[in-house]
Structure formats: C-alpha cells, structure tokens
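Novice: Based on what follows, work out the 3D shape:
(one chain, ligands or ions: 3)
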Amino acid sequence: MPATQLPVAPVVKQLEKDFDGAVQRLCDLLRIPSISTDPAYKAQTRQAGKWCADELKRIGFDSTLRDTPGHPMVVAHFNPEGENGRNARSTSSRTNGSPHILYYGHYDVQPPDPLELWEHPPFEPTIVDGPQGKRVVARGAVDDKGQMMTMIEAFRAWMKVHGTLPVRVTVLLEGEEESGSPSLDPFLKANKKELSADVCVVSDTGMWNIQTPAITYMLRGLVYIEATLHGPSHDLHSGMYGGTLVNPINALCKIVGELHDKDRVVQIPGFYDDVEELSDEEKKMWKGLGFKEKEFLGGAGVKSGAGEKGRSTMERMWSRPTCDANGIYGGYTGKGAKTVIAAHATAKISCRLVPSQDPQKVYDGLVKFLKDRTPPDCRWEIHPHGINPAIRVPTESPYLEAAMKGLKQTFSKPPVLIGCGGSIPLVGSVQKILGFDSLLVGFGLEDDRVHSPNEKFELKCYEMGMKSHAAILSAFAEVEG
Ligand code: BES
Ligand code: MN
Ligand code: MN
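Specialist: Ligands and ions are numbered 1, 2, ... in the order given. Got it, this is the predicted structure:
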C-alpha cells in the first residue's frame, strides 16, 4: 500500500498502548534544566538538544545536532520515498506529489525563578491530580517540551506501526527560543535548501479550552529593549546630594510613566500609524468564540482588568499593540535602608506588535521617545533584546484545512481559529527566509502557568496532542500538490 494510504487508526491505538512510556520519556526530558538564557546552563541546554536528536535517531530519522554560535539546533529528516540517509535530502519539495512538512519545536525553557513558589522542584517533574485529570508539573511541561513531544510521539507511533510516515518530514528543534532566537536567522539562511518544505507545523500555542482544539492564525510580534539611564559619576549620599541633581531612578520612572496617557494609550509618536482595525468578519468570528472575560481575568487574580480605553479584553490581548515595563532596577534593593542617590537606573521595556506594524519603526520610535526626554547630565545606554514582527497566517491554505480535518477526527468539538498575544520568532523568519507559511496547532491551556512557577501540562492535552498529530500527518498526505 502506498504510504499515503496507510490507516491512522492503528497508530492511534499504539499511542494509547504506549502512553505511559510517552509520559516517562517526557519526564526524562523535563529533568534536563535547559535554561537557554543563563550561561551557567550551557551544557545542560546542549544535553537536552542531544536527547532530542538521539530520540529522533532511535525512531528512524536521519538526525543531527548542529552547532551554532549559541545553543545547538536539531535537524532530522525522514523521507518515505527515498532511502533514509543523508543523500535523501533532495531539496525539491512535493516530489511524488506528497508534501514535505517541516516540524518545529524548542527544547529550551524559561528560568524557573522564583524558586520558592514551586510546590515541587521545577526540574523534578511530578504527576499530580487536577480538576481535568492528571497533569505533569515542571518547567517546560507545556512550553515547549510537552508540546514538542506530541509531534515526536506521533512520529514514533507511525514508524512502529507502519515502518514509515505518510509524508516527507523534516524536524527543526531550537534551543534559544526563550532567549530571542539569536542564531535562528543565520541558521535558516545557511541551511535554506535543507530546511525547505511546503509548510511549517508548530506546536507551541494553546487550545481554546480542554474540549476545543484551535489553530492560531495571528501572533503578536515583539520589540524588546533594556534601557539604562546614567546620571552622576558614582552613587551619592542622598542627604548631601539629594535635591541638588538628577536622580536617575526618579527620572526613569517618570519617563516610563509617560509612555501611556491616562487612557493607557501608548504615547510614542506614530505607534498606532500602521495598526489595522479588525474586519467585520473577524469581529463576528471572535464573538462566536464566547470568550469568558471574568474567567480569564480571574485566572490572573484580578476583577476588572485594564488596557487601552475603548477596547475589549480580546482586542487588547490579540489585536492591539502594547508597551510594557517588564523589569526595573537601580539603587539599593537589599534588605533595610540605605540612603543613596544611584548613579544609574535600568528598565526592561517591551512592545507587543500586531500585523502591519514595522518592528524597526517601533524600535526607533521607542528609542527616540526615551532620548527626547534625556534629563540634564544624563545619557542612555540601550541594548536591544530582539525585534520580531507580528504574523498572520493564511486561513485558506490546504494545509490548514488538513490540520482542521485531523483535529476534527480527534476531538469531539470542532476546531476554532484564534489569535495569540505571545510571539514565536521562527514563524516570521520562516516566512521571510524560507518563503513558506506556518501552521500553529497547539495544545496548551490558559491556566498552564506558562513562564510562571508550577507550569503544567494536562496529560489529556498531551494525549490528544499526539493523536492529533498522528491524524494530521494522514490528512497532509491527501493534500494535492
Ligand atoms: N510558546 C511561547 C509563545 C506563546 C505564549 C504562545 C503564550 C501561546 C501563549 C513562546 O515560547 C514564548 O514564550 N515566546 C516569547 C518570545 C520571546 C522570547 C522572543 C514571548 O512571547 O514572550
Ligand atoms: Mn514556546
Ligand atoms: Mn515561552
């Protein structure tokens, strides 16, 4: 039987049979503290990459760990039509009419801090009972190790049952997503031919709720800077000097305060110039989702919420740009009191962007906003931490339809199209450098505590995620070239 017609039902059975094994494997990966942003975890981050590369090799992929100036990339290939070796890496996609799919995930995680708020150590994965059944609690459980493993487990089951995959697959796993993907663009440029495919599948987003799967068609972009305001040449006695010269902390706080007006509208000139209003069709679609605002805000421990005046919570979250301080420091922050005028103060400031905004223009506008307000005797030192555009993926693609079909087969409720407030740098880079679109099929839930203490992944989501990927692989095989 041609690989494109192999049945998916026995693959789903195999996933059920081996589910405990899949949970054990995820726990093995979660035990490796792959904190990409912290140089102290360089070796462990590499170890997690190697773990993934070895796992793909065991499944039957031609799998390699590739060095970059930062953390390594995993690249693995399986071509059902050709011999499964290095020479099978022909660049043309759609040979024999079957599509070529690039699967992406990231094996790095956010730092677990603050540690004291974890109920179990962040790198000792623990299975606990919750209202939706069992869940695994650990840093990286849902972002993105658990989600990445939904794809890998689907490949494993397909290979175990049929000895092949129904489409040609390339896997790209990154170890720097949580630290702004600095090596990604050069890597895509240098390996453009090898990574070329028809579409890129990403499992790093959420479902609508535990019964309702979702495909994310909008991602916000991100412009992130760290800005230090330098004032006096050294720290000063606040009794001797206080009131006689610029205090960088006071000045920085005032400038950060000026980023918004009283209606919380961002004051950077030109910030909203290219922002598009939602179409009537989109408004209708979003309304139909039945967003539960109280539950959403309640999940964050607040009642009324706040944001740009005159906009709904859904708009504020998915389709409006923001500017936020993410960290602020300077002066004496230790225990007790110390009377000091600090020599400098720093703010980490990020803007979330929406489609059509030019990230470079927003970056320049933000920097100019700060510089225009430089107090006397002061100067700015500014470090960029990443500039990524927002993304809209086409909703009329045959691959999206195939993914919808696979999700429909797996879940009792039909999939919905949603937006996402977060960012995934790869999606813009693949569009720009490799020239094809991405398909964002994720299995996270709103209450997963992404980037937060006690991050978790529901085992139900893990199971449904891998079954979905198994079914989507089949549906891809039917997409006409
Ligand atoms: N998986 C997230 C993106 C995400 C967040 C999707 C929330 C769905 C819901 C991703 O790992 C992430 O955290 N991205 C960063 C990007 C940054 C480090 C460039 C983000 O959005 O802050
Ligand atoms: Mn992620
Ligand atoms: Mn993340």
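
Novice: where does the residue of the chain found nearest ligand 1 land on pLDDT?
Specialist: Residue of the chain nearest ligand 1, by CB to the nearest ligand atom: Gly422 (2.6 Å). Every residue, glycine included, has its C-beta placed from N, CA and C. Gly422 is assigned 96 on the pLDDT scale.

Novice: Could you tell me how far it is located from Lys432?
Specialist: With the distance defined as CB to CB, to the nearest Å, Gly422 ends up 19 Å from Lys432.

Novice: Between these two, which has more neighbouring residues?
Specialist: Set Gly422 next to Lys432 and count neighbours by other CB atoms under 10 Å: Gly422 wins out with 16 against 12.

Novice: Settle this for me: Lys42 is touching His71, isn't it.
Specialist: Yes: with contacts counted by CB atoms under 8 Å, Lys42 reaches His71, the gap being 7.4 Å.

Novice: Among these two, which residue is more densely surrounded?
Specialist: Neighbours were tallied for Lys42 and for His71 using other CB under 10 Å; the higher tally belongs to His71 (24 against 15).

Novice: list the contacts for that one?
Specialist: 36, 42, 45-46, 49, 108, 174-176, 183 (CB atoms under 8 Å, 6 or more residues apart in numbering).

Novice: Distance of it relative to ligand 2?
Specialist: The gap separating His71 from ligand 2 is 15 Å, by CB to the ion, to the nearest Å.

Novice: and the closest residue to that residue other than its chain neighbours, how many residues sit next to it?
Specialist: In space, His71 comes closest to Gly175 once its chain neighbours are excluded; the distance is 3.4 Å by CB to CB, 6 or more residues apart in numbering. Gly175 has 27 neighbouring residues, counting by other CB under 10 Å.

Novice: What does the pLDDT read for Gly180?
Specialist: 86.

Novice: contacting residues for it?
Specialist: Going by CB under 8 Å, 6+ apart, Gly180 touches 224, 385-386, 425.

Novice: Just give me the residue closest to the centre of the protein.
Specialist: Ile424 (4.3 Å; CA atoms, centre = their mean).

Novice: What residues does that one make contact with?
Specialist: Per CB under 8 Å, 6+ apart, neighbours of Ile424: 177, 202, 204-205, 219, 391, 440.

Novice: These also near ligand 2: which ones?
Specialist: Filtering the contacts of Ile424 for proximity to ligand 2 by CB under 5 Å from the ion leaves Asp204.

Novice: Near ligand 1, which residues of the stretch 51-200 of the chain? Just list them.
Specialist: 143-144, 177-178, 180 (CB under 6 Å from any ligand atom).

Novice: neighbours around the residue in the stretch 151-300 of the chain positioned nearest to ligand 2, how many?
Specialist: Nearest to ligand 2 in the stretch 151-300 of the chain, going by CB to the ion, is Asp204, at a distance of 4.0 Å. Applying other CB under 10 Å, we find 26 residues neighbouring Asp204.

Novice: so it sits right up against Asp143, yeah?
Specialist: Yes: look at Asp204 against Asp143 with CB under 8 Å: they come within range, at 7.0 Å.

Novice: among the contacts of His71, which two are most distant?
Specialist: Lys42 and Glu174 (15.1 Å; CB to CB).

Novice: pLDDT of stretch 237-246, averaged?
Specialist: 98.

Novice: so where's this structure uncertain?
Specialist: 1, 3, 83-96 (pLDDT under 70).

Novice: What residues does it have near ligand 2?
Specialist: 143-144, 204.

Novice: follow-up on the earlier one: from the contacts of Ile424, which land in strands?
Specialist: Those of the contacts of Ile424 mapping onto strands are 202, 219, 391, 440, per DSSP state E.

Novice: wait, the second one sits on Cys420?
Specialist: Yes: using CB under 8 Å, Leu219 is in contact with Cys420, at 5.2 Å.

Novice: What strand or helix carries Leu366?
Specialist: helix 359-371 (DSSP states H and E).

Novice: for Ala347, same thing?
Specialist: Judged by DSSP H and E, Ala347 forms part of strand 344-353.

Novice: chain center to that strand: distance?
Specialist: Its chain's C-alpha centre and that of strand 344-353 lie 20 Å apart, by CA atoms, centre = their mean, to the nearest Å.
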